[in-house]
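>>> Fold the following, please.
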Amino acid sequence: MPQINPSPVTPKPTPLPPLAEQDPLTPSQWRVLLAFADTIVASISPEASEESHTELGVSKNAYSQALTAISKHCGGDQDFARQYLAERPSESPFFKELCYRLLSVDLPSDLRSQLTLGLNVLDYRAGALILTGYPKSFADHPVSVRQRILQAWPNGYLPVTRLLFRSMSMLVKQQWVKSSPTLYRVLGFPRTPVHGVPGRSFDYAFVQVPPGAAAEPEVLHTDVVVVGSGCGGGVCARNLAEAGFGVIVVDRANFWPAEHLPMAESEGFNHLFMNGGGMFSDDSSVVVFAGQAWGGGGTVNWSASLQTQGFVRKEWSDAGLPFFTSAEFQTCLDRVYERIGASSDAIEHNPSNQKLLEGARKLGWAAKAVPQNTGGKTHYCGYCALGCGSCEKRGPVVSYLPAAANAGAKFMEGFDCEKVLFDVDKKTGTKTATGVIGTWQSRDEHGGVSGPRLVKRKVIIKAKRVIISCGTMQSPLLLKRSGLKNPHIGKHLKLHPVNFIGSIYEEEIRPWEGGILTSIVTEFENQDGQGHGVKIEATSMLPSLWLPALFWQSSLDYKLLVPKAKHMVGHFALLRDIGEGEVYADPVDGRSRFRYTLSKREKQFVLDGMLAVAKINYVAGAKEMFSMIPGTSTFVRSPDEECAHKGINCSHFQGWLEELRKRGSPSPETFYASAHQMGSCRMAKNAKLGVVDQKGKVFEAEGLYVCDASIFPSASGVNPMVTNMAISEWVSSNLAKDLKADGERAKL
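Sure, this is the predicted structure:
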């Protein structure tokens, strides 16, 4: 019989998941990749010759200046500054392990094949001649020659070199940041937040299944099974459990207590996000960060708690969904705010958000504070993208799921749901959901997930109702695996794409400290008169998220730029998109994949937002600015006094803005990021237009519901957490009434 064990035994520190058994690269491919890495992050020396394969030589004067600049960032310790300058990735076993994991586990097979094809071309004489201009392997060149080759690629004639440079340099920079033995000290970046007090997690209990015959599934029974523990699933679990119904919440992810949060950057993305952190669109133009944690996106989001705006509510209501302009919807929003403790009362803005508000004020632009789900506490922590160790962020793990547990709900971590089970009426063909089937894995002998799992069993959970809350990137795949045929499943993907401007200030910012997103500029949210445009917000400044995006011009330039991050702020323009994409299952391994490309018009909206970000930081006093648009220069503020009085009308500044306008968003080297995914199982007034009805019920089956951001009729235009939870309040409250009515009818 299944057992409920308090969970988990306090796990040991969280090592990475096990590596694949087969090496993803051949020795020659590894040689080229490591040569590429040692060029992007080269070992800098004043003594290396032009023919050195291990060091990049620079003049003694340039080296001395670099040494002085870097030692200022590490307490004047020139010996340590030398270590940093001398560092190269190939000397780090951890760097190679992270690359190994990315290539063997996280990358889909076709993207891995594209990368290995590029490595092969660079290794063969004929291919290398086309891409580098030299008829020999890229790895056979000295570092100085390799650097000249890579410096030519971003503006090269061949699109393949521009794309290869972008993808490989991002790969190298991200794994180097995670593995560098010197970088955090040079940055002054603490491993854990210096503000706040560690909290204590709710004492969850998880269903444990005993060993048994692999062919005989363990069978559990309940009233409602909720697949997914995130913002939608957590709300549903609480409401239905408190209404007196049996609830089991299952999730593929494992729960990690507060003592393990925030996780290290080298571990957290593997444990808390899909595909190890980043999922690329098929054309590699967009990277998506999708949470895959106990508590879903609510465990790794940035506390922003914005309510659905009026023009979006009207758009959805006009589409045949009058609930969104009803008093009931606002009541649901208010309930969510009360439960998660969302308010702006106790916010202490960090410098990144202060600059945003101050710059907008000086320009006369609309801006405001962003309510935080912190229960009225001042949450001065910038690490929440990797989990909140203080338990102040009231995501599902802190708010809804404990309430569900106290009302009798049960939980199962490590459950990979394979499909929904149905009864089919032979006369009408009507499908009725009766439960789910999946594979459950226990933890290893240490209470972690890095070793062999002690038990692996098929489990069937029989239920009167099934709620799918797997998120926008997974819910449509589960519906399709279950045999549903509605053509809208997986379509209409919305993403809120963003692009960035980085700004450097004279004073030390330490941008990883303080609430990540506590302010917003709304001046440009309606650029087309139909509710589409950009909002301007601050971004997470965790090194492995920010530093890989910094553009590379040379090895020495990059090593000098990175320590300046403690003086930087990062802001982005977030687009309420007009177009849409599609989510589908990878044909090889079934993982979530997506197609999505911004239109020319959408790219222009984002570019306009980036120009606005630059103006905000100019009037806020930034001394340097740079964009994430390849091929653009860095702006350096003019010391001209006359220019200072002209503000944004300064000709020097206007010249830089014009450079950005003319450069635009060249393809394929420009990329966008997204942390919001919506719409792939959209709500509509009928099955010809969407997947679920106004109460979240799947049109194609009885007893089956979807409750997550995938059912948004279009993009929310704001961080989707509160909208998701409010819709889930509505769906689960109605479902509780339906279940009660079923029970009363059964008594008759």
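
>>> Can you name the next helix or strand after the helix or strand of the chain with the lowest mean pLDDT?
Using mean pLDDT, DSSP states H and E, strand 3-6 stands out as the lowest-scoring helix or strand of the chain, at a mean of 49. Of the helices and strands lying after strand 3-6 in sequence (DSSP states H and E), the nearest is helix 27-40.

>>> Which neighbouring elements make contact with that following helix?
helix 93-101, helix 109-123, helix 143-152, helix 159-179, helix 555-561 (3 or more Cβ pairs under 8 Å, 6 or more residues apart in numbering; DSSP states H and E). Every residue, glycine included, has its C-beta placed from N, CA and C.

>>> at 7 Å instead, please
On a contact count with 3 or more Cβ pairs under 7 Å, 6 or more residues apart in numbering; DSSP states H and E, helix 27-40 meets helix 109-123, helix 143-152, helix 159-179.

>>> Out of these, which is the most enclosed?
helix 159-179 (a mean of 21; mean count of other Cβ atoms under 10 Å).

>>> one step back: tabulate the helices and strands packed on helix 27-40 (a markdown table), appending distance to Leu574 and mean pLDDT.
Shown next, in a markdown table, are the helices and strands packed on helix 27-40 (distance: least, Cβ to Cβ, whole Å; pLDDT from 0 to 100):
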| stretch | distance to Leu574 | mean pLDDT |
| --- | --- | --- |
| helix 109-123 | 26 | 91 |
| helix 143-152 | 31 | 95 |
| helix 159-179 | 21 | 92 |
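
>>> Which stretches in the stretch 301-450 of the chain count as helices?
310-318, 327-340, 351-363, 400-406 (DSSP state H, counting those that start in this stretch).

>>> Val226 reaches Ile467, doesn't it?
Yes. Applying Cβ atoms under 7 Å, one finds Val226 in contact with Ile467, separated by 4.7 Å.

>>> Can you check which helix is longest in this structure?
Scanning the chain for the longest helix, with DSSP state H as the assignment, gives helix 721-747.

>>> got the buried residues for that helix?
Applying a neighbour-count criterion of 16 or more other Cβ atoms under 10 Å, one finds 721-736, 739 buried in helix 721-747.

>>> what's the spacing between that helix and its chain's center?
Chain-centre distance of helix 721-747: 30 Å, with Cα atoms, centre = their mean, to the nearest Å.

>>> Where do the domain boundaries of this structure fall?
In terms of domains, the chain is parsed into 27-186, 226-254+310-336+404-484+689-747, 498-674 (source: automatic domain parsing).

>>> tell me the pLDDT at Tyr157?
For Tyr157, the model assigns a pLDDT of 82.

>>> returning to what we had before: tell me the residues that contact both of Val226 and Ile467, please.
Counting by Cβ atoms under 7 Å, 6 or more residues apart in numbering, the common neighbours of Val226 and Ile467 are 233, 236.

>>> Compare those two (neighbour count), which wins?
Val226 (33 against 29; other Cβ atoms under 10 Å).

>>> Can you tell me which of the helices of the stretch 301-450 of the chain is nearest to Glu508?
helix 351-363 (9.0 Å; Cβ to Cβ).

>>> So which elements touch the closest one?
Checking 3+ Cβ pairs under 7 Å, 6+ apart, helix 351-363 ends up next to strand 367-369, strand 519-521, strand 534-538, strand 568-575, helix 600-619.

>>> Now mean neighbour count, mean pLDDT and distance to Gly278 too, for those, in a markdown table please.
A markdown table is the format used below for the helices and strands packed on helix 351-363 (neighbours: other Cβ atoms under 10 Å; pLDDT from 0 to 100; distance: least, Cβ to Cβ, whole Å):
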| stretch | mean neighbour count | mean pLDDT | distance to Gly278 |
| --- | --- | --- | --- |
| strand 367-369 | 17 | 97 | 30 |
| strand 519-521 | 25 | 98 | 24 |
| strand 534-538 | 27 | 98 | 19 |
| strand 568-575 | 26 | 98 | 16 |
| helix 600-619 | 21 | 97 | 19 |
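
>>> would JSON lines of the ones you listed with distance to Asp140 be doable?
Listed next are the helices and strands packed on helix 351-363 as JSON lines, based on distance: least, Cβ to Cβ, whole Å:
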{"stretch": "strand 367-369", "distance to Asp140": "54"}
{"stretch": "strand 519-521", "distance to Asp140": "50"}
{"stretch": "strand 534-538", "distance to Asp140": "45"}
{"stretch": "strand 568-575", "distance to Asp140": "37"}
{"stretch": "helix 600-619", "distance to Asp140": "39"}
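
>>> Relative to Leu560, which of those is closest?
strand 568-575 (13.2 Å).

>>> Parallel or antiparallel, list what pairs with the closest one.
strand 498-504 (antiparallel), strand 534-538 (antiparallel) (DSSP bridges).

>>> Can I get the ones you listed in TSV including distance to Glu523?
Putting the strands paired with strand 568-575 into TSV (distance: least, Cβ to Cβ, whole Å) gives the following:
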stretch	distance to Glu523
strand 498-504	15
strand 534-538	8
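
>>> can you count the residues close to the residue lying closest to Gly590 once chain neighbours are set aside?
Among residues not flanking Gly590 along the chain, Leu477 sits closest, at 7.4 Å (Cβ to Cβ, 6 or more residues apart in numbering). Leu477 is flanked by 21 other residues according to other Cβ under 10 Å.

>>> per-residue pLDDT, Leu477?
So Leu477 comes in at 98 (pLDDT).

>>> isn't it right up against Arg593?
No. Using Cβ under 7 Å, Leu477 is not in contact with Arg593, being 9.4 Å away.

>>> list the residues that contact both of the two?
Ala585.

>>> For the helices and strands packed on helix 27-40, give me JSON lines that also has distance to Ser442.
Output for those, formatted as JSON lines (distance: least, Cβ to Cβ, whole Å):
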{"stretch": "helix 109-123", "distance to Ser442": "29"}
{"stretch": "helix 143-152", "distance to Ser442": "47"}
{"stretch": "helix 159-179", "distance to Ser442": "29"}
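
>>> which one of those helices lies closest to Thr597?
helix 159-179 (14.0 Å).
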